[in-house]
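In: Next input, structure requested:
(3 chains)
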Amino acid sequence: MASKEIKLMAHLMRRAGFGASRGRLDELVEQGYDETVESMLSAIDRPTRITDNLIRRYHPEYSGMMGNQSPSGNWMYRMVSTDAPLREKVGLMWHGMFATGYSKLANGKVLHDQIRMFERHGMGSFKNLLMELSRDPAMIVWLDNSENHNGSVNENYGRELLELFSMGVGNYTEHDVKEAARAFTGWTIGNTEYMTLKSARDSVWPYGRLSFHFEYKEHDHDNGEKEFLGHKGNLNGEDIVDIICKQPATAAFLSRHMYSFFVADEPPVPEWPYKEPRDPEAIAALSKVYFDSDYNVEEMLRFLFKSEFFKSEQARYQRVKSPAELVAGVLRLTGEFDRPKVDMNPTNLQSTYMGQWLLNPPSVEGWHWGTEWIDSGALVERVNFASERLGNIESPGVQTLIDRILSDSNGGLNAEELVERALDELSVGDISDKTRSALVEFAEVQVNQSDSGNAGPEQVANVLKLVGATPEFQRA
Amino acid sequence: MTTTAQPRTARLTYNRTIGVAAMQGRGFYYPWSVAVAADGTYFVLGRGSDSDPRGVRMVAMNLEEEYFGTFGSFGEGSGQAIWNASTAIDSQQRLFTSDDHMNRILVRTLDGELLDTWGESGTGEGKLNGPNGLAFNSKDELLVSDHLNGRVQKFTGDGKHLATIGEFGSGDGQLNLPWGLHVDADDNLYVADWGNDRIVKFSSSGEFLANFGSVGRGEGEFDAPSDVCVDSDGYMYVADWGNQRIQVLDADGGFVEQNEGQATISKWAQDFLDTNVEESAARDAADLDMDLMFNTDDPHERSAHIEKLFWGPTSIALDNDGHVLVVDSNRHRLQVFDVVTSA
Amino acid sequence: MVTAQHKPSLIVIQLSGGNDAMNTVVPYTNGIYHDSRKAIHLTEHNVIDLNGTLGLSPSMGPMKSLWDAGKLAIVQGVGYPQPNRSHFRSMDIWHTAESDHIANSGWLGRTIRELDPEAKNVITGINFGRGLPRALHAKGVPVASVGNLETYGLMPDIADRMTREMAVDVFARMYGPDDTRDAMLQAISETGMGAYLGADILRTAPAQYSSSIEYEGVPIAQSLRDISQVLLADVGTRVFYTQHAGYDTHAGELENHAKLWHELSTAVNDFIADLEEHGRGDHAVVMIFSEFGRRIRDNGSGTDHGSGGVAFVLGNPVKGGLYGEYPSLDPSEQLEGDMKFNNDFRGIYATVLDQWMGINPQEILNKNYEQFDMIRR
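Out: Model (predicted):
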């Protein structure tokens, strides 16, 4: 039975990372909770074990990034091997919030570049992040800001910036949308016509894709007087970002996203104007940190992970793992990708089958999270993937799990012990009696059927498969 | 790296670019290696993309971009490949390819007819783990870069193990994830020691002779070099893969020149542009050779933006007519240079 | 066991990549066709003539049989206003039946909801393939995705049959109703039970099936065979969806296009024959579409994305023939080198929804679209 400290640490690792093996949890508990939070936060510069050069040497498509599986395949390698998983989780949060997709860009490289931008700037100042986002070439084309001209305004970016990326519906007027759009005229990409034409036509010719670059076209910028949220002047994009960041609505919106991603699933964003947050006090507290720290995301995360509302029993298992998190978490446990392998592409595709095609969201609204991840098709994929991988005794990580489960088992494990240890190793807690008794019955048959009458590797592997299939395993 | 006192004259001048992106028919999809037949035909081996099997094939063509045909396909069956790695042709004009996932060597006629398949996975003598670079010596013996085993092995053309050269490590005579190979007229072996950022030279009997280069971006320095070839004057042409360039060194390893790529529109590329008028017009109006500020100091990023530069130069080879061919994988083309021998 | 009340079924086959309409239904007597496609044109010597001016691609023999039997409707010049030449965007438009803005649900997802508003039968709609195409997606609507019917189900990787059966049993227990669980687990469990029941029903389908038809060993044929098995098993499935990939023929078109249509035509013909053999030919309509057509002029080896495609609707209940007009190839009528559409694809949707499935198309498509007189009454 895991101690309270282990359970809390497991909760932290499931949220700030992709989970951790029981052995690792023991080490981290030794280190201490607060110290672990600090090391998770500061681990942004450690190189990943699987370097870019190594990936590119085997997978040219993760180098040239022409197609629609390239940026996600490359990202999955990092998620699976990184020593700084919080950085990747934060990247997933931003990608869900600032959802940009292959369906319109037809260019894997520029999408990958956006994720890399999240890695560089995602844990610093939110204001700086919004500035980077406004200059991000993939975002510019995705939301048509390359079509936003002086005298012929395209409001798409201006609108989504306010509606989805910062303040949320109800905190600005249509006039504000127009003025924001005017302020961002001229914020475009170089070689605009050629680049957007190539995207529209999905052209890989003659020589593959070309990366986009930001270009500010002064002559195309509307230099007139503008009024945005009560502020007047010849406002440019950076002024809009500055004003936005000062708004309490921005603090609240960002805080609610962070809460939903790291603490407990909130309802979908379109319902936010009508549904109060689960924990308004937590949102208020996070908002305060937002302002006190000068919009610093790392400070907000520090506060969040050390807060009572995060550590509380009420927060445990209150998120449904997104497909990418489920896949990455399972692969980190199995250890099967210790180096680039041809199996990565089909493995990464599983996340798509489960309903989350990274870098190709259904729209700028991203994906609907929580129980909406679990439709019947997706659930079958999730269960089958997890059970297959976790029960594969060829994988080094699974061998480790089996060894640990069978260690110190003197006369042999009985069914209850076997199940208990398996649940412990896979960090699946809070299971219902129903689930537990079903697992124990299964384990009993396994143990009885084994040649020796004791649980051996094969029997343990089968129990691990079933644990991966539980409803509880779907939760983080 | 010290520079020589003599003035360095250019060894290479840019000639042309051949190829275009295509998974089928005339063109390449992530070409990874090239071999030149006695009659001058180029055989370009396609690695393809993991998400589409159609690019995994061999394309036969020549300097004039005449297209002769294609063969080979993705799979584990007879004559198929999963990860096409390298290609080489022996004196009997048999075409060899290595597959660094299936751990095997395929032998074909130049028309694509499968003659033989050999290779067994493993770490023991004669076994293969990630065979990529291929080169023949004067006795038609095949040198195979057995990269995950950190060594090069010598086989007869039908797969009988003859010798093992090198072992895993970073010291003299050791190799770390080696890639491309070259054998010169004296049967010396040159290895692109990818993981150690250098070129290693061995004698015909497998004795360590020299290291060339060390990690870096400067002249004579490398970042994960993928291939090397050596001409009859002893000049070494290195595919400095991680630095997105090629370098020329003299026989002593002295730096001669470097080139970041100068690609122009090939005939096949022109065909595409002629049929797609709007795209061609938009392209003409664009500046594809811009001076940009990059947020990272990474040659890979630079090449992603600027089309004429090498992007993933995986392989470098000499043809029979004084040309150096550079397989520019992410750009689905070969850049061709003339070797300039000073009059 | 559901009693056999043979409600109409719709089978939708998506040709992914942008099928080249002009080389499928070929205007082989038109000089502009031959002039524009020097590399890949088909001539009177190879096409299968339909009416003296149009012919089918040579590998479409089995489709010609359906045509001769009066069961094949060919809808020409299919598309929508302001054609989009991006695979994703155009496919999305076909999937959601919405060309003006980005919609969240698919037309078939909405259809399934209309057919089974309380989701009483979790396999009312099935995708034969992995993942869920947007066309079938609608909030709260369960849809099964069957990659391979033979192996479909929970934890198919467990080799030992008894262990697997027990595992699936355990699954059913774990996901069974339990009031002690919180709302999130309850929702997950409900979905799980649906998946379990669906899998349970579906796994009986292959066992009940016997037929003299031997489908080819290619994916599209196997998918159609799976569809036939489920349809004949009478488990209440009304909407069947599958994809045939590879139609993005930018290069090597002649060979590839021929191969694709050989596979598809044979598979579809076998499927219809299979239904016929079991006396069920009158209960199914098949619709075949692609996200766009291709450019009039070839590029030396193939064709690039264009517009103005062709769609097929076939089966016993269909009145065969040509519908709509073949788009003009006259340069003055071209749309930047592409064919203009003259039939909004949603007209086909409206036709099958209204005249075949018995559903008010306005409910699904949010607008009125002109229908074809394509279904026998």
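In: Over in chain C, which residue gets nearest chain B? Let me know.
Out: Per Cβ to the nearest Cβ, C:Gly252 is where chain C lies closest to chain B, at 3.6 Å. C-betas here are computed from N, CA, C, even on glycine.
In: I'd like the distance between the closest residue to that residue other than its chain neighbours and A:Asp424.
Out: Excluding its sequence neighbours, the residue lying closest to C:Gly252 (Cβ to Cβ, 6 or more residues apart in numbering or on different chains) is B:Gln24, at 3.6 Å. To A:Asp424, B:Gln24 is 53 Å away according to Cβ to Cβ, to the nearest Å.
In: can you check A:Glu458 too?
Out: Taking Cβ to Cβ, one finds A:Glu458 at 20 Å from A:Asp424.
In: Have a look at those two and say which one is more surrounded.
Out: A:Asp424 (20 against 17; other Cβ atoms under 10 Å in any protein chain shown).
In: Now do the one helix or strand the more buried one maps to: distance to the chain's middle.
Out: Secondary structure from DSSP states H and E places A:Asp424 in helix A:415-425. Relative to its chain's centre, helix A:415-425 lies at 29 Å (Cα atoms, centre = their mean, to the nearest Å).
In: same deal with stretch C:171-191?
Out: The answer for stretch C:171-191 is 34 Å, by Cα atoms, centre = their mean.
In: what comes up buried for it?
Out: C:171-175, C:178, C:181, C:184-191 (16 or more other Cβ atoms under 10 Å in any protein chain shown).
In: quick one on the thing from earlier: ok, the residue of chain C closest to chain B - contacts?
Out: C:Gly252 makes contact with B:24-25, C:301-302, according to Cβ atoms under 8 Å, 6 or more residues apart in numbering or on different chains.
In: ditto for A:Met167
Out: Applying Cβ under 8 Å, 6+ apart, the residues near A:Met167 are A:244, A:247, A:249-250, A:253.
In: Counting by contacts, list what the helix or strand where C:Ala273 lies packs against.
Out: Here C:Ala273 is covered by helix C:253-277, with elements defined by DSSP H and E. Packing partners of helix C:253-277 (3 or more Cβ pairs under 8 Å, 6 or more residues apart in numbering or on different chains; DSSP states H and E): strand C:9-16, helix C:61-68, helix C:219-232, strand C:239-245, strand C:284-290.
In: Pull the residues that contact the helix or strand following the first one.
Out: The reference is to strand C:9-16. The first helix or strand that comes after strand C:9-16 along the chain, using DSSP H and E, is strand C:25-26. For strand C:25-26, the external contacting residues (Cβ under 8 Å, 6+ apart) are C:33, C:42, C:47, C:50, C:54-57, C:74, C:76, C:310, C:326.
In: mean confidence for strand C:25-26?
Out: The average pLDDT within strand C:25-26 is 96.
In: which residues sit against the next helix-or-strand element following that strand?
Out: Downstream of strand C:25-26, the next assigned helix or strand under DSSP H and E is helix C:31-36. For helix C:31-36, the surrounding residues in contact (Cβ under 8 Å, 6+ apart) are C:22, C:26-27, C:41, C:43, C:296-298, C:329-331.
In: Quick check: the farthest pair among those residues?
Out: Farthest pair in the contacts of helix C:31-36 (Cβ to Cβ) is C:Thr43 and C:Pro331. Separation: 21.9 Å.
In: can you pull out the strands in the stretch 1-150 of chain B?
Out: Applying DSSP state E, counting those that start in this stretch to the stretch 1-150 of chain B gives strands spanning B:12-18, B:31-36, B:42-46, B:58-61, B:67-71, B:73-74, B:80-81, B:84-89, B:95-99, B:104-108, B:114-118, B:131-136, B:142-146.
In: out of these, nearest to chain C?
Out: strand B:67-71 (8.9 Å).
In: Direction included, what does that closest one pair against?
Out: strand B:58-61 (antiparallel) (DSSP bridges).
In: got the CA coordinates for the partner strand in CSV?
Out: Taking C-alpha atoms only, strand B:58-61 is exported to CSV below (Å, rounded to 0.1, in the frame of the first residue of the first chain):
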residue,chain,number,x,y,z
MET,B,58,15.6,3.1,-56.3
VAL,B,59,15.5,5.5,-59.2
ALA,B,60,17.8,5.2,-62.2
MET,B,61,18.7,8.4,-64.1
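In: Buried ones in that strand, by neighbour count?
Out: In strand B:58-61, counting by 16+ other Cβ under 10 Å, buried: B:58-61.
In: and what of stretch A:245-256?
Out: A:245, A:247, A:249-256.
In: what residues does it touch?
Out: The contact list for stretch A:245-256 (Cβ under 8 Å, 6+ apart) reads A:126-127, A:130, A:166-168, A:171, A:229, A:244, A:266, A:272, A:277, A:282-284, A:286-287, A:290-291, A:295, A:300.
In: again, 7 Å this time
Out: A:126-127, A:130, A:166-168, A:171, A:244, A:266, A:272, A:277, A:283, A:286-287, A:290-291, A:295 (Cβ atoms under 7 Å, 6 or more residues apart in numbering or on different chains).
In: any idea of the mean pLDDT for stretch C:160-167?
Out: 93.
In: So what's the gap between that stretch and the chain middle?
Out: 35 Å.
In: what does stretch B:90-97 give?
Out: The mean C-alpha position of stretch B:90-97 is separated from the chain mean by 17 Å, Cα atoms, centre = their mean.
In: repeat for stretch A:324-337
Out: 14 Å.
In: can you dump the C-alpha coordinates of that stretch into PDB?
Out: Taking C-alpha atoms only, stretch A:324-337 is exported to PDB below (Å, rounded to 0.1, in the frame of the first residue of the first chain):
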ATOM      1  CA  ALA A 324      -0.900  12.200 -26.200                       C
ATOM      2  CA  GLU A 325      -0.400  12.000 -22.400                       C
ATOM      3  CA  LEU A 326      -1.700   8.500 -22.300                       C
ATOM      4  CA  VAL A 327       0.600   7.400 -25.200                       C
ATOM      5  CA  ALA A 328       3.700   9.200 -23.800                       C
ATOM      6  CA  GLY A 329       3.100   8.000 -20.300                       C
ATOM      7  CA  VAL A 330       2.800   4.400 -21.400                       C
ATOM      8  CA  LEU A 331       5.900   4.600 -23.600                       C
ATOM      9  CA  ARG A 332       7.900   6.100 -20.800                       C
ATOM     10  CA  LEU A 333       7.000   3.200 -18.700                       C
ATOM     11  CA  THR A 334       7.700   0.500 -21.300                       C
ATOM     12  CA  GLY A 335      11.000   2.100 -22.300                       C
ATOM     13  CA  GLU A 336      10.700   0.700 -25.800                       C
ATOM     14  CA  PHE A 337      12.000   3.800 -27.500                       C
END
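In: Alright, I will stop here.
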